[in-house]
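Chemist: What shape does this take:
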Amino acid sequence: MLIDLHTHSYPKSDDSFMDVDTLVERSKALGLDGVCLTDHDAFWSWDEVRALQRRHDYLVIPGTELNTDSGHVLVFGLHRYEFGVHKPEFLRRLADRQGAVIIAAHPYRRRFLEDPGRDPGARKEMLGQAARDSFFGLCDAIETHNGRGTREENRFSRDIQGMLGLPGVAGSDAHRAEQLGTAATRFTRRIHGLEDLVAELKRGACLPVDLANQGAGEIPASGTAAAD
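Modeler: Modelled structure (predicted):
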């Protein structure tokens, strides 16, 4: 199954330019098997999700993208905003209590600059600092391919993931309809809803896929850093 783990809709995400029905219908038309709604610091109720699933006859999974002091994270398994989730350690404890998973979203942000990154020495230093960041030790997986990231930014994310040995995932991070279908995560087991998604992410049974560059094939999900 191919599922986009990272999308945004208006008005829950005020920087998005598409409503949720457009998001779902476009994802379905592109041949994805499901889509996750991860609006900024916002949550979807079960009633809203069930209504979307019935209306579109399509797999819709609720999540959120939270802004923490150490970067953005995709979270699946929490159902409401709680004061303190901007602190990564607090969020980790809350996720453990509620059986949720935390994914580092676009981890290249605030850690990688393309201009100095063209120098191998500078890139190695940035990568080493990122790999030592305790924030990643609080995450269950890393977004190794973001549909809105550049080739070099995503390569940096894959290298972090390879060094840490965490599972890798991918998502479009779409804020516009035309940005959908660029990246998704492949699951070998059938995902029927949130519970299945969380279980498979915890198992690391997932593989990030670059849909915008099909000729490049699937991106390695774990182990060593990807080679370009």
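
Chemist: tell me which residues of the longest helix along the chain are tucked away?
Modeler: Using DSSP state H to assign secondary structure, the helix with the most residues in the chain is helix 151-164. Within helix 151-164, the residues that count as buried by 16 or more other C-beta atoms under 10 Å are Glu153, Asn154, Arg155, Phe156, Ser157, Arg158, Asp159, Ile160, Gln161, Gly162, Met163, Leu164. Bear in mind the C-beta positions are built from the backbone N, C-alpha and C, glycine included.

Chemist: Pull the CA coordinates from the helix or strand of the chain with the lowest mean pLDDT and hand them back as CSV.
Modeler: Every helix and strand of the chain was ranked by mean pLDDT, DSSP states H and E. The lowest is helix 114-117, at a mean of 85. Coordinates of the C-alpha atoms in helix 114-117 are reproduced here as CSV (Å, rounded to 0.1, in the frame of the first residue of the first chain):
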residue,chain,number,x,y,z
GLU,A,114,22.9,24.0,0.6
ASP,A,115,25.6,26.6,-0.2
PRO,A,116,28.1,25.6,2.5
GLY,A,117,26.8,22.0,2.1
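
Chemist: Would you indicate which residues of it are buried?
Modeler: For helix 114-117, using 16+ other C-beta under 10 Å, the buried residues are Gly117.

Chemist: who's in contact with that helix?
Modeler: Ala122, Arg123, Met126, Thr150, Glu152, Glu153, Phe156 (C-beta atoms under 8 Å, 6 or more residues apart in numbering).

Chemist: Strands of this protein, start to end?
Modeler: 2-4, 34-37, 59-62, 64-68, 71-76, 101-104, 141-146, 168-171, 183-186, 207-210 (DSSP state E).

Chemist: Which one, of these, ends up nearest to Pro11?
Modeler: strand 34-37 (12.8 Å; C-beta to C-beta).

Chemist: Now do the buried residues in that closest one.
Modeler: Quick answer for strand 34-37 (16+ other C-beta under 10 Å): Gly34, Val35, Cys36, Leu37.

Chemist: With pLDDT and distance to Arg190 added, can I get those residues in TSV?
Modeler: Compiled in TSV, the buried residues of strand 34-37 are given as follows (pLDDT from 0 to 100; distance: C-beta to C-beta, whole Å):
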residue	pLDDT	distance to Arg190
Gly34	98	10
Val35	98	16
Cys36	98	16
Leu37	98	20
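
Chemist: For Arg109, state which of those is nearest.
Modeler: Nearest to Arg109, judged by C-beta to C-beta, of those is Cys36 at 19.7 Å.

Chemist: From Leu194, how far off is that closest one?
Modeler: 9 Å (C-beta to C-beta, to the nearest Å).

Chemist: list the residues that contact both of these two?
Modeler: The contact sets of Cys36 and Leu194 overlap at Ile61, Pro62, Phe76 (C-beta under 8 Å, 6+ apart).

Chemist: Out of those residues, which end up buried?
Modeler: By 16+ other C-beta under 10 Å, the shared contacts of Cys36 and Leu194 give Ile61, Pro62, Phe76 as buried.

Chemist: Does the last one touch Leu194 like I think?
Modeler: Yep, that's Phe76 we're talking about. Yes - contact status for Phe76 versus Leu194: in contact at 6.4 Å, counting by C-beta atoms under 8 Å.

Chemist: coming back round to it: now do the longest helix of the chain and strand 141-146, the angle between them.
Modeler: Put simply, helix 151-164 runs at 160 degrees to strand 141-146, going by axes from the mean of the first three to the mean of the last three C-alpha atoms, to 10 degrees.

Chemist: pLDDT averaged over helix 151-164, what's the number?
Modeler: The average pLDDT within helix 151-164 is 95.
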